[in-house]
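In: coords please:
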Amino acid sequence: MSGQKPGGKIRVLVVDDSAFMRIAVKRTLEGDPGIEVIGQGKDGAEAVQLVEALKPDVVTMDFNMPRMNGVEALRAIFAKRPVPVIMLSAHTQEGAQETLDALAAGAVDFVPKPDGEVSTDLSGVREELLRKVKAAARSKPTAAPAPTGAVRVRAVAPKSIAPRARPTGRGSPPVVVIAISTGGPSALERVIPRLPASFGAGVIVVQHMPKAFTGALAARLDGVSALEVREAVDGDVAEPGLVLVAPGDRHLTLDAMGRVRLTDSAPVNGCRPAADVTLQSAARVLGPRVAVMVMTGMGRDGALGSQAVKAAGGRVFAQDEATSVVYGMPKAVVERGLTEAIFPLEGIAPALVERFG
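Out: You can find the predicted model right below:
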C-alpha cells in the first residue's frame, strides 16, 4: 500500500528518457492540486535509486529507456520496495507487448502516450492520467512471480480450432464472464492458464483496455494456456475450449442465438468495452447458464450487470480485497450482497474448475 498520508498530496516520481516528456507529465500532474511531482528520472537505473531515496507514492514510467528498460526497472524497484507504477505506453503493437510485459512484472496500470514519435501534448489523456495516478496511490502493488520464459512461446500442445458459432438452447454449456480492470493482465495470467483443456464452460473476458492492447493480451494468454484464447469477432459463440477477450473500444453483446455481436455504442461507466453491457446482455440471453467473476479494478463496472445475472438465476463471484490491486469493482458487487462466494486470486481458477470443470 502507498505511504501517502491521509489528506496529503500524492507524491509522484516521473521517469522518462525525454526531458520534454518529463516536463509535460510534470505540468499535467501538477495541474491537480492534490498531486506533487517530487522528482524526475531519465532512465530505469536512476528510477531505482530515486524510489529508494524519495519514497514516492506513485511512479510514472516510460518503457524504452537507457541502462534499464521498464520491466528491468520494475523488478529492481520491487525487489527493494514495491510502489505503484503507471506505465506510459506507445499506441503500437510493439508498445502493447511492452506494456503487457510491464503489467505482468507488477505495474499497476498504463496510459497510452499521444500518437506521434515526439508528441508531448498530454491534453487528450490528462483526465485518464490523473484518475489512474489517484487510483494507483490507493492500490496494493505486488511483485509478480518470477518469469518462466514461456510467455511468448506456446507452453502447451497446439489447440484445435474452436467450432464456429452454433445456436444456444436448453442443455447448452454455461458461460463464465470475467469482469476485470486495473491489475487485470497480471491477475488473468494467474487464472486463465490454470484452467484445463477440459474446462466445461465457455469464457468471456471483459478487460478495460484500448484496442491493440486486447489483441496482444489474448495472444499472450493463448501462448501459456491449454484453452484457445483470442479476441472475439462477430459471430463467435462462447463455448468450452475457448476464451474470448472483448476487443478494446468495442462493447461485446450476445444476440438471441448466443452469438457475439460487437458494437460501437457509447461508453458505459466511462468504459468500452464495459462489463455491465456484456453481463446484462448475457443475463437476457443465457439466464441461469451465465456466471460472473468480478476481479480487481477501479470503479463500479460489473455491479449492475452482476445484479442482472443474479436476477436471471445466474451465479456471481468476486475476488477478495486482500489480493485485488484495486478493490473497486469487486467491492461494488460485494456491497450489493450479490456474491455467492469470494475468493483470493490464487483460489479463483480452482474454484471455477470445481464448479464448471
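In: for the nearest residue to Ile77 once chain neighbours are set aside, give me its contacts.
Out: Leaving aside its chain neighbours, Ile77 sits nearest to Val51 (5.1 Å; criterion: CB to CB, 6 or more residues apart in numbering). Heads up, the C-betas are built off the backbone N, CA and C, glycines and all. Val51 is in contact with Leu13, Val59, Ile77, Lys80, Arg81, Val83, counting by CB atoms under 8 Å, 6 or more residues apart in numbering.
In: where does the stretch 101-250 of the chain dip in pLDDT?
Out: Counting by pLDDT under 70, the stretch 101-250 of the chain has low-confidence residues at 115-119, 143-171.
In: tell me, how many residues neighbour Lys42?
Out: Lys42 has 17 neighbours, counted by other CB atoms under 10 Å.
In: so what pairs up with Val177 in the strands?
Out: Ile204, Val292 (DSSP bridges).
In: domain assignment for this protein?
Out: What automatic domain parsing lists as the domains of the chain is 10-137, 175-356.
In: quick one: the helices in the stretch 251-357 of the chain?
Out: Secondary structure of the stretch 251-357 of the chain (DSSP state H, counting those that start in this stretch): helices at 275-286, 303-311, 329-335, 345-356.
In: please identify the most buried of those helices.
Out: Highest mean neighbour count among the helices of the stretch 251-357 of the chain (mean count of other CB atoms under 10 Å): helix 275-286, with a mean of 24.
In: now the strands: where do they sit in this protein?
Out: Here the chain has its strands, by DSSP state E, at 10-15, 35-41, 58-62, 85-89, 109-112, 175-180, 202-207, 228-231, 242-245, 251-254, 260-263, 290-294, 315-319, 341-343.
In: neighbouring contacts of the fourth one?
Out: The reference is to strand 85-89. With contact meaning CB under 8 Å, 6+ apart, strand 85-89 is reached by 16, 21, 25, 58-63, 70, 74, 77, 95-96, 98-99, 102-103, 106-113, 129, 132-133, 136, 141.
In: which residues touch the residue lying closest to Gly297 once chain neighbours are set aside?
Out: Distances taken as CB to CB, 6+ apart put Ser181 closest to Gly297, at 2.7 Å, once the chain neighbours are dropped. Shown in contact with Ser181 (CB under 8 Å, 6+ apart): Gln207, His208, Cys271, Thr296, Gly297, Met298, Gly299, Asp301, Val326, Gly328, Met329.
In: list phi and psi for Ser181.
Out: Here is the backbone geometry of Ser181 (degrees, to the nearest 10): phi -140, psi -110.
In: still on that earlier bit, so how do I select the buried members of the contacts of strand 85-89 in PyMOL?
Out: A single PyMOL command suffices to select whichever of those are buried according to 16 or more other CB atoms under 10 Å:
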select buried, resi 16+21+25+58+59+60+61+62+63+70+74+77+95+96+98+99+102+103+106+107+108+109+110+111+112+113+129+132+133+136+141
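In: among the domains of the chain, which is the most enclosed?
Out: Compared across the domains of the chain, domain 175-356 shows the largest average neighbour count, a mean of 21 (mean count of other CB under 10 Å).
In: quick revisit: may I see the helices of the stretch 251-357 of the chain organised as CSV, with distance to Gln40 added?
Out: Listed next are the helices of the stretch 251-357 of the chain as CSV, based on distance: least, CB to CB, whole Å:
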stretch, distance to Gln40
helix 275-286, 37
helix 303-311, 39
helix 329-335, 33
helix 345-356, 34
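In: so which of the ones you listed comes closest to Leu195?
Out: Proximity to Leu195 (CB to CB) singles out helix 345-356 among the helices of the stretch 251-357 of the chain, at 5.9 Å.
In: can you tell me what sits against that closest one?
Out: For helix 345-356, the surrounding residues in contact (CB under 8 Å, 6+ apart) are 174, 176, 187, 190-192, 194-196, 199-201, 291, 293, 295-296, 315, 317, 319-320, 323-324, 341, 343.
In: off-centre distance for that helix?
Out: Computed by CA atoms, centre = their mean, to the nearest Å, the separation of helix 345-356 from the middle of its chain amounts to 19 Å.
In: follow-up on the earlier one: out of the contacts of Val51, which two are the most distant from each other?
Out: Comparing every pair within the contacts of Val51 by CB to CB identifies Leu13 and Lys80 as the most remote, at 13.9 Å.
In: give me the contacts around stretch 21-41.
Out: Contacts of stretch 21-41 (CB under 8 Å, 6+ apart): 9-16, 42, 47, 49-50, 54, 56, 60, 62, 88, 113, 120-122, 126, 129-130, 133-134.
In: if you set the cut-off to 7 Å instead, what comes out?
Out: Taking contacts as CB atoms under 7 Å, 6 or more residues apart in numbering, the residues outside stretch 21-41 that touch it are 9-16, 47, 50, 54, 56, 60, 120, 122, 126, 129-130, 133.
In: would you list the strands of the chain in JSON lines and tack on distance to Val277?
Out: Output for the strands of the chain, formatted as JSON lines (distance: least, CB to CB, whole Å):
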{"stretch": "strand 10-15", "distance to Val277": "32"}
{"stretch": "strand 35-41", "distance to Val277": "32"}
{"stretch": "strand 58-62", "distance to Val277": "30"}
{"stretch": "strand 85-89", "distance to Val277": "25"}
{"stretch": "strand 109-112", "distance to Val277": "21"}
{"stretch": "strand 175-180", "distance to Val277": "11"}
{"stretch": "strand 202-207", "distance to Val277": "8"}
{"stretch": "strand 228-231", "distance to Val277": "17"}
{"stretch": "strand 242-245", "distance to Val277": "14"}
{"stretch": "strand 251-254", "distance to Val277": "5"}
{"stretch": "strand 260-263", "distance to Val277": "8"}
{"stretch": "strand 290-294", "distance to Val277": "13"}
{"stretch": "strand 315-319", "distance to Val277": "17"}
{"stretch": "strand 341-343", "distance to Val277": "24"}
